[in-house]
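Enquirer: Next comes the sequence, and after it the predicted model I'd like to discuss.
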Amino acid sequence: MTVDVRAVTESEYPDWLRALHTGFLRPPVVSDALVADRLPHVDLDRTLAAFDRGRTVATFRSFRQEVSTVGGGSLTADAITQVTVSPTHRRQGLLSRMMSADLAAAKERGDAIATLIAAEYPIYGRYGFGPASWTTEWSVEVARAGLDPRRTGRPEDGGRIELSDGAEIRKIGPEVHRRLAAVRAGVTDRTPRGWDVGTGLGHHLEPWTEPFYAVYRSESGEVEGYAAYTADDKWGDAKQPDNTASVQDLIAVTPAAERALWRYLCSIDWVATVRTGHRAPDDPLPLLLPNPRAARIVTHADMLWVRVLDAVRVLEGRTYPLAESLVLEVRDGDGFAGGRYRLDASPDGAECVRTSAEPADLALDVVELGPLAWGDASAVRLARLGRIEELTRGAAGRAELLFRTPLRPFSPDIF
Ligand SMILES: CC(=O)SCCNC(=O)CCNC(=O)[C@H](O)C(C)(C)COP(=O)(O)OP(=O)(O)OC[C@H]1O[C@@H](n2cnc3c(N)ncnc32)[C@H](O)[C@@H]1OP(=O)(O)O
């Protein structure tokens, strides 16, 4: 009997959730309340399953997403999530079948890219995805940081930090997040439901700890950032406070806000350790501390994976720091974005066209195109790794100067 792959119907959704929980090793229990909570927020046409004798044995879902590009633009993505194949059916090609169906539909719809956050690194390269942004998490040992313990944590530049609540963050947060996307590549838009759930206002069927919220306002009163953090109320022997403040969300759109929020978090009485949560690898935090070694990296890993579906829109959808022309030969085994492209870029704009007349300067797999276009990958390093072929001498160096960005991409949201 063959295993069927197709979109689910409403009545099949509870079993889809059960299969999802099984794949993610969560208790395979699905209540009516959970179904009622989730169902209004999923597009059933984009909720795929594999069925074996009527039972769901694989799950896959996608939704529309906007991703910020270098220079403040954005591209529509086919965001992929909740991918599982039950242990009884693994390594029989079910993920490959669901992925090809979804990517073909995304290409047909005109999405420029597909995105995902990978559970494990080796899964998605074969489908043309490459890691376009990376994440770093630090654990700061506050006592060693060299900060003056008498400091109040008050900002130095006339701005101020105010404590807030979920309702206010729900109101002011989306604008701060939008402003971040305008100055940072790799930011995926946060849905209204994401805001509700993240600020404690959505339905919470899972345990929820109300965080503390701190908002940074500039001297003129404008909101430029906020942090949400929890603490674990831990004490050591000899009555020593030993709390860890764990940052759940920290969005800052000016350097002053970034500096002020980190100094605030590292100056809270009773807080011995600050866990930063997911940050861009070039977050200023460690170097803000008089002793940067007090900030230990506890995670450094790939974050947002991008699969280019439309190379022209991706290459034209960002800004460039200088004038340069390059011909790229993009290989794509799945046929979505392969071809030879001539990119004429300058600080005033970029034009990208398919070409067959000219020889290519660089040849690369589509896997490398997302990381290059989002400014994080080094063309020179990829050439050293043998993943970019330099067909014109010096072309990798020219690509490096053209594609790399001063700020690394930052993807604060997990989906
Ligand atoms: C965006 C997200 O949702 S990330 C979450 C991903 N899900 C999980 O990690 C949950 C646990 N894992 C699973 O459910 C499954 O193992 C999945 C979904 C990762 C893979 O599903 P499968 O149906 O087994 O994959 P499928 O059989 O289509 O594999 C295709 C190829 O990828 C390889 N592959 C699949 N999963 C992995 C893996 N985790 N690591 C390395 N290679 C893998 C297979 O070996 C196969 O290679 P081949 O074509 O050279 O033979």
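Expert: The structure has been received and is ready for your questions.
Enquirer: show me the contacts for S411.
Expert: With contact set as C-beta atoms under 8 Å, 6 or more residues apart in numbering, S411 has these partners: I117, S133, T135, G186, V187, T188, H278, M303, L304. All C-beta atoms are positioned from the backbone trio N, CA, C, and that covers glycine.
Enquirer: so the first one makes contact with I414?
Expert: Yes - under the criterion of C-beta atoms under 8 Å, I117 lies in contact with I414, with a separation of 5.5 Å.
Enquirer: Which of the two has more residues huddled nearby?
Expert: Each of I117 and I414 has its neighbours counted (other C-beta atoms under 10 Å); I117 has more, 19 against 12.
Enquirer: Show the model's pLDDT score for the more buried one.
Expert: In this model, I117 is scored at 98, pLDDT.
Enquirer: Ramachandran coordinates for it?
Expert: Main-chain torsions, I117, degrees, to the nearest 10: phi -110, psi 120.
Enquirer: could you list every residue that touches it?
Expert: T81, M303, L304, W305, S411, I414, F415.
Enquirer: Name the member of those residues that has the highest neighbour count.
Expert: Neighbour counts for these (other C-beta under 10 Å) peak at L304, which has 31 neighbours.
Enquirer: Is it in contact with F129, as I believe?
Expert: No - using C-beta under 8 Å, L304 makes no contact with F129, being 9.7 Å away.
Enquirer: Find residues that contact each of those two.
Expert: Counting by C-beta under 8 Å, 6+ apart, the residues touching both L304 and F129 are L116.
Enquirer: What about R190, how many residues nearby?
Expert: 21.
Enquirer: do the same with I268
Expert: Quick note: I268 (other C-beta under 10 Å) scores 17 neighbours.
Enquirer: can I assume it sits in a helix?
Expert: No - I268: not assigned to a helix; according to DSSP: H, G, I helix; E, B strand; the rest coil it is coil.
Enquirer: The residue with the largest distance to the centre of the chain and T244: what is the separation?
Expert: The centre of the chain is farthest from one residue, A238, which by C-alpha atoms, centre = their mean lies 42.0 Å away. Distance of A238 to T244, computed by C-beta to C-beta, to the nearest Å: 18 Å.
Enquirer: cool, and P155?
Expert: 23 Å.
Enquirer: With G225 instead?
Expert: For G225, the distance to T244 - C-beta to C-beta - is 22 Å.
Enquirer: just A101 next, same as before
Expert: Applying C-beta to C-beta to A101 and T244 gives a distance of 44 Å.
Enquirer: what about those two, which has more around it?
Expert: Neighbour tally, A101 and T244, criterion other C-beta under 10 Å: the higher count belongs to T244, 18 against 15.
Enquirer: Could you give the bridge partners of the more buried one?
Expert: Taking DSSP bridges as the rule, T244 bridges to T273.
Enquirer: Touching, it and T276? I think so.
Expert: No - between T244 and T276 there is no contact under C-beta under 8 Å: 11.1 Å.
Enquirer: before we move on, the earlier item: tell me the one of the contacts of I117 nearest V367?
Expert: W305 (9.5 Å; C-beta to C-beta).
Enquirer: Secondary structure element for that closest one, which one?
Expert: strand 304-308 (DSSP states H and E).
Enquirer: For that strand, name the packing helices and strands.
Expert: strand 113-117, strand 129-131, helix 366-373 (3 or more C-beta pairs under 8 Å, 6 or more residues apart in numbering; DSSP states H and E).
Enquirer: Nearest to the ligand, out of those?
Expert: Comparing these against the ligand with C-beta to the nearest ligand atom, the closest turns out to be strand 113-117 (3.9 Å).
Enquirer: What pairs with that closest one, parallel or antiparallel?
Expert: Strand 113-117 is paired, per DSSP bridges, with strand 74-85 (parallel), strand 304-308 (antiparallel).
Enquirer: Just checking the distance from the longest one to the centre of its chain.
Expert: I take that to be strand 74-85. 11 Å (C-alpha atoms, centre = their mean, to the nearest Å).
Enquirer: hmm, that strand in reach of the ligand?
Expert: Yes - counting by C-beta under 6 Å from any ligand atom, the ligand has neighbours in strand 74-85: I80, T81, Q82, V83, T84, V85.
Enquirer: I'd like those as CSV, with pLDDT appended.
Expert: Below are the residues of strand 74-85 next to the ligand laid out as CSV (pLDDT from 0 to 100):
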residue, pLDDT
I80, 98
T81, 98
Q82, 98
V83, 98
T84, 98
V85, 98
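Enquirer: and this protein, which of its residues are near the ligand?
Expert: So the chain meets the ligand at 23, 80-85, 90-96, 116-120, 122-123, 126 (C-beta under 6 Å from any ligand atom).
Enquirer: what's near enough to touch whatever residue of the stretch 201-350 of the chain ends up closest to the ligand?
Expert: The stretch 201-350 of the chain approaches the ligand most closely through W305 (8.1 Å), counting by C-beta to the nearest ligand atom. W305 is in contact with T115, L116, I117, A118, Y124, F129, G130, P131, A132, G370, counting by C-beta under 8 Å, 6+ apart.
Enquirer: count of neighbours near the closest residue to it other than its chain neighbours?
Expert: Nearest residue to W305 in three dimensions, chain neighbours excluded: F129, at 4.2 Å (C-beta to C-beta, 6 or more residues apart in numbering). If you count neighbours by other C-beta under 10 Å, F129 ends up with 27.
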